[in-house]
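Colleague: Everything below, folded, please.
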Amino acid sequence: MRILRYSLLLILALILQTTWVPAVAVFGIQPELVLLALVMIGLAAGPFEATLFGFGIGLIQDAYMPDNFGLNALVNSIIGFTVGWGRVRIVAESFYVQVVLVVGATLVQGLLVLIGDSQKGWGEIPFFWVRYILWNALYNGAVMALLGGFLLLRRRLFAPQAHEY
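Modeller: The predicted structure follows:
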């Protein structure tokens with residue numbers, strides 16, 4: 001059941017990423033919903049499952065970008081494994097830690113994609129990293145903060161209340 005839930009979450013994130021997210025782009029910077037979902041799966045499931053889900057969703061993303069086929073699968077696998085491995089070493093339930101993890105994962109993912117992209121020279125990597133990836137990381141952090149705040153509010157409003165007798 002958990003595998004089905006994570007698969008549907010990633011597919012929904014990918015569908016929203018390709019359809020709805022371009023409408024909320026700010027100066028060409030848009031949130032990475034697939035990365036957000038992958039970080040959440042890594043925090044919940046651990047390194048093995050997060051690596052497999054990262055590889056699978058990365059292959060699907062690579063179908064849209066065949067010039068660097070396999071790059072998204074590799075990078076998402078690394079991100080999934082790293083977040084899943086680190087979940088037992090940090091306080092993964094902390095709202096602030098989750099936001100920082102998303103920002104860090106975005107920075108690392110962007111750097112790895114820039115390094116692996118065969119169309120960019122080594123001299124262009126710092127410019128693209130600062131121009132796009134840094135702002136993308138901040139945008140992802142803001143989206144994660146909003147999403148995490150919404151989930152925290154939902155949990156507090158709809159959690160079963162203890163009755164006093």
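Colleague: Output the below-cut-off pLDDT ranges for this protein.
Modeller: 118, 160-165 (pLDDT under 70).
Colleague: and stretch 14-31, which residues are buried?
Modeller: Leu14, Gln17, Val21, Ile29, Gln30, Pro31 (16 or more other Cβ atoms under 10 Å). Backbone N, C-alpha and C define where each C-beta goes, glycine included.
Colleague: cool, and stretch 108-120?
Modeller: When burial is assessed from 16+ other Cβ under 10 Å, stretch 108-120 yields the following buried residues: Val108, Gln109, Gly110, Leu111, Leu112, Val113, Leu114, Asp117.
Colleague: Geometrically speaking, which residue is the centre of this structure?
Modeller: Leu35 (1.7 Å; Cα atoms, centre = their mean).
Colleague: so that residue is in which element?
Modeller: Leu35 belongs to helix 33-45 when assigned by DSSP states H and E.
Colleague: State the next helix or strand along the chain beyond that helix.
Modeller: Criterion used, DSSP H and E; the element after helix 33-45 is helix 47-64.
Colleague: which helices and strands sit right next to that following helix?
Modeller: helix 2-19, helix 33-45, helix 71-86 (3 or more Cβ pairs under 8 Å, 6 or more residues apart in numbering; DSSP states H and E).
Colleague: Check which residues of stretch 1-15 are buried.
Modeller: Of all the residues in stretch 1-15, those buried under the rule 16+ other Cβ under 10 Å are Tyr6, Leu9, Leu10, Ala13, Leu14.
Colleague: As TSV, the buried residues of stretch 14-31 with distance to Glu124 would be great.
Modeller: Output for the buried residues of stretch 14-31, formatted as TSV (distance: Cβ to Cβ, whole Å):
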residue	distance to Glu124
Leu14	28
Gln17	25
Val21	25
Ile29	18
Gln30	21
Pro31	24
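Colleague: Need the max-distance pair from those residues.
Modeller: Maximum pairwise distance among these (Cβ to Cβ): 18.7 Å, between Leu14 and Ile29.
Colleague: picking up where we left off before, which ones among the buried residues of stretch 108-120 map onto strands?
Modeller: Using DSSP state E, no member of these falls within strands.
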